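K.L.:
Please find the sequence and the predicted model below.
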Amino acid sequence: MRSLRARLVVLCVICVLLVGAAVGYLINARNNQQRARAAAPPVARTSLAGVLSVPHIVFRNTNPRTRYGMVAAVPLTDPSGPRALTDTECDRVYAAARKVLCLSSDAGVVTTYAAHVLTEQMATLQALPLTGVPSRARLSPDGTLAATTSFIAGDSYAGGSFSTRTVISQVGGSKVGDLEDFTLVHDGQRILPTDRNYWGVTFAPDDNTFFATVKFSGQTWLVRGNIAQHRVVTLHKDAECPSLSPDGKFVVYKQRGSLPVGQWRLVGYDVATGKVTPLAEKRTVDDQVEWLDSSRVIYGIPRGGAQAATDDVWEVPADGSGIPKLLIPDAWSPAVVR
Amino acid sequence: MYVTLRDRPAAREGRANAARRRVAGTVVLLGVVSMFTDISSESVNAVLPIYLTSFLGMSALSYGFLDGLYQGVSALVRILGGWLSDRTDHPKWIAFIGYFTSVVTRVLLIPAHTFAAISGVIAADRLGKGLRTAPRDALIASSSPPEDQGRAFGVHRALDTVGALLGPLLAFWILWVVPNDYRTVFVVSLAFAVIGVAILLLVVPDLRPRREGGTPRAAKVSLKLLLTPGLGRLVLATGLLGVLTVGDGFLYLELSARDSLATRYFPLLYIGTNAAYLVLAIPLGRFADRVGRARVFIGGHAALLAAYFFAGGPVAGAAASVACLLLLGTYYAATDGVLAAISGSLVEKSVRASGIATAQTAAALARFVSSLGFGLMWTELGRSQALLVVGVLLALAIPAAAGLVRGVDRAKSQV
């Protein structure tokens, strides 16, 4: 190995082998994907029209072999049974009143992000502004308002900085507002912290009241908002991604508590009394829950390990009783449509 | 660019080589090593946020935390890399350990699926990067004649930046061929990392800066190094300017808040800065050799000040955003390689890696302090005011720093 010529030869051989191996791996991965696609679907499928004609759950399919990341639906009466699969890809999906809100990212040299309101047949009705990695999506119960949250990560040598942008829009109309432009009331006073960030909106049926998360000075808060007044008021400390029950009496949200960064527990919050009750789910949940009915919530949990890309939707009673149960395997971002 | 693989340190051939204006083969080779390594690391970095947030279901909050966690670590390891390099008089092998560490992290990334595992892998990658930087820059300095240092570092940084631009292209091309298959991105990135380290291992000469400099004694590196004429002043100036250097992330956020196009093409901002850096690295390196490196280093910070103006000043819009990115690229081209060129030529050959590491650590630590301080000001004063305050302070610091480094170039020319 002393002579330069010998070393150059070895280098060339290494480069050829490595490039060959990389190209081989890539071709093999592509073939595998195509084979998996061509193979009989491992999930039982049913027709979309059939599912949409009964009360159902719309979600993001996370079965890695069949239409990963695409919108799917199952009947409420048989959530773990055959599913209807569409070919619309969404990172985050929500549905209400026959409308679907889809946040998607188109990975490219310059990754672009988009938010669209669709019909349940996946026809585009409207494009909404979205400026970063999709995070949360919500429609009001009657489908007239849409809220999107995206992350804007400041990529830099110093790193560590990020912020969120949460926008409420009129479905079929124009932008209602960026929550950062709303008046923020904390302890009875109007405040204007420059580091405020909002995320995770949930709407009340009146199309004026909403709940959301605000973070400022390192602390998250549950806020109640009023669209007509362009105002939000802090209600309770340490609350993220609230979800309002259909009767408007409870909110289930993620609480950090004393857990390490990136871990949360689900808790229930009584809007009238302010009482907080932990739910029976003991695992960490990073999701904005959805109400299955007036007493149970559903949420996605990643499987972890080698199957980290696959999530399942679980259900648990909202009052702290019972135990979590698997509701829909290979699913994420559920929305109940009646 | 002519590459001589049968390489002797160009410094030995002295002026004869310089007259032909040929960049030493070793410099080009190290540039190619960095290029492949950057293709590897930037292809991973480009997909990591999406991989973590949409695929592994982690919130971007965790990602921000992950990203910010290891900032100081890399800076301290850099000093260690410089010291080990001088101590052993084998900069190539210390750099090799650093590059090899990053190869290992690429392997570990493939099965990593948890927050803890991925943050550990990223930490190890940063450690490797910190360790290899100073010895590699010492190799560049040792293989180039004293009057050509700026250009040599410019060539290296330009190749490095080519890698940073190609990496994301490669990653997204792979994801276009095999949608959602992040593992393939990681496997291909591993191949590029191994090619980089193989070039280093097999064809980069094992230069012995101390032995060839005629100082066979093991170098003693201590704080006395800072007493080297000029180095202390350079470190002071670097630190002063560094604490007033706002991270690009903050500037990009400011641009996106004022200019809707900048918001829409947010990921392009980083590419714009890098493209300007790539184009300007060699010309500004040569310019530094001609008119004085310290001058160009200070001038780069004037460009940074102008970038603040276009990010937060009275003019907003697409033209201001483009100007800001060009100026940021100019700042990098005029400072990053140039700082290594100045510090490497100030100290004796036997402690060159430590000298370069000292200046770079001062810059990195100062920038870390700045990101904390600026984050705080951003919270307390608001974006525009914080930028105004830092801008005014930088405008005052530039003449002070210029005074500090005046004549540093001529303080000592050891090589």
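P.N.:
Nice, I can see it.
K.L.:
which regions of the chain sit below the pLDDT cut-off?
P.N.:
Let's take chain A. When residues are selected by pLDDT under 70, those of chain A lie in A:1-2, A:36-41, A:107-111, A:152-162, A:261, A:304-309.
K.L.:
wrong chain, I was asking about chain B
P.N.:
Those would be B:1-21, B:49-50, B:52-72, B:115, B:214-223, B:262-267, B:379, B:410-415, if you go by pLDDT under 70 across chain B.
K.L.:
and the residue in the stretch 201-350 of chain B that chain A sits nearest to, how many neighbours?
P.N.:
Minimum separation of the stretch 201-350 of chain B from chain A (C-beta to the nearest C-beta) falls at residue B:249, amounting to 2.9 Å. Heads up, the C-betas are built off the backbone N, CA and C, glycines and all. By the criterion of other C-beta atoms under 10 Å in any protein chain shown, residue B:249 has 23 neighbours.
K.L.:
From the recorded domain assignment, give the ranges for the chain.
P.N.:
Let's take chain A. According to automatic domain parsing, chain A comprises the domains A:1-39, A:44-337.
K.L.:
look at chain B instead
P.N.:
For chain B, automatic domain parsing gives the domain ranges B:8-219, B:222-415.
K.L.:
Deepest in the core, which of the domains of chain A is it.
P.N.:
Highest mean neighbour count among these (mean count of other C-beta atoms under 10 Å in any protein chain shown): domain A:44-337, with a mean of 19.
K.L.:
first to last residue in that domain, what's the distance?
P.N.:
End-to-end distance for domain A:44-337: 21 Å, by C-alpha to C-alpha, to the nearest Å.
K.L.:
packing partners for the longest helix seen in chain A?
P.N.:
Identified as the longest helix of chain A according to DSSP state H is helix A:4-38. On a contact count with 3 or more C-beta pairs under 8 Å, 6 or more residues apart in numbering or on different chains; DSSP states H and E, helix A:4-38 meets helix B:149-177, helix B:182-203.
K.L.:
at 6 Å what do you get?
P.N.:
Using 3 or more C-beta pairs under 6 Å, 6 or more residues apart in numbering or on different chains; DSSP states H and E, the elements in contact with helix A:4-38 are helix B:182-203.
K.L.:
Just checking the helix it packs on against chain A, any contact.
P.N.:
Yes - if you take C-beta under 6 Å from any C-beta of the partner chain as the test, helix B:182-203 does meet chain A, through B:184, B:187-188, B:191, B:194-195, B:198, B:202-203.
K.L.:
How about residues contacting that helix?
P.N.:
If you take C-beta atoms under 6 Å, 6 or more residues apart in numbering or on different chains as the criterion, helix B:182-203 is touched by A:7, A:10-11, A:14-15, A:18, A:22, A:25-26, A:29, B:29, B:32-33, B:36-37, B:39-40, B:43-44, B:47, B:51, B:96, B:99-100, B:103, B:106, B:109-110, B:171, B:174, B:178.
K.L.:
ok, now stretch B:390-401?
P.N.:
Contact with stretch B:390-401 is made by B:237, B:240-241, B:244, B:246, B:301, B:305, B:308, as judged by C-beta under 6 Å, 6+ apart.
K.L.:
buried sites along it?
P.N.:
Neighbour counts using 16 or more other C-beta atoms under 10 Å in any protein chain shown place B:390-391, B:394, B:397-398, B:401 of stretch B:390-401 among the buried residues.
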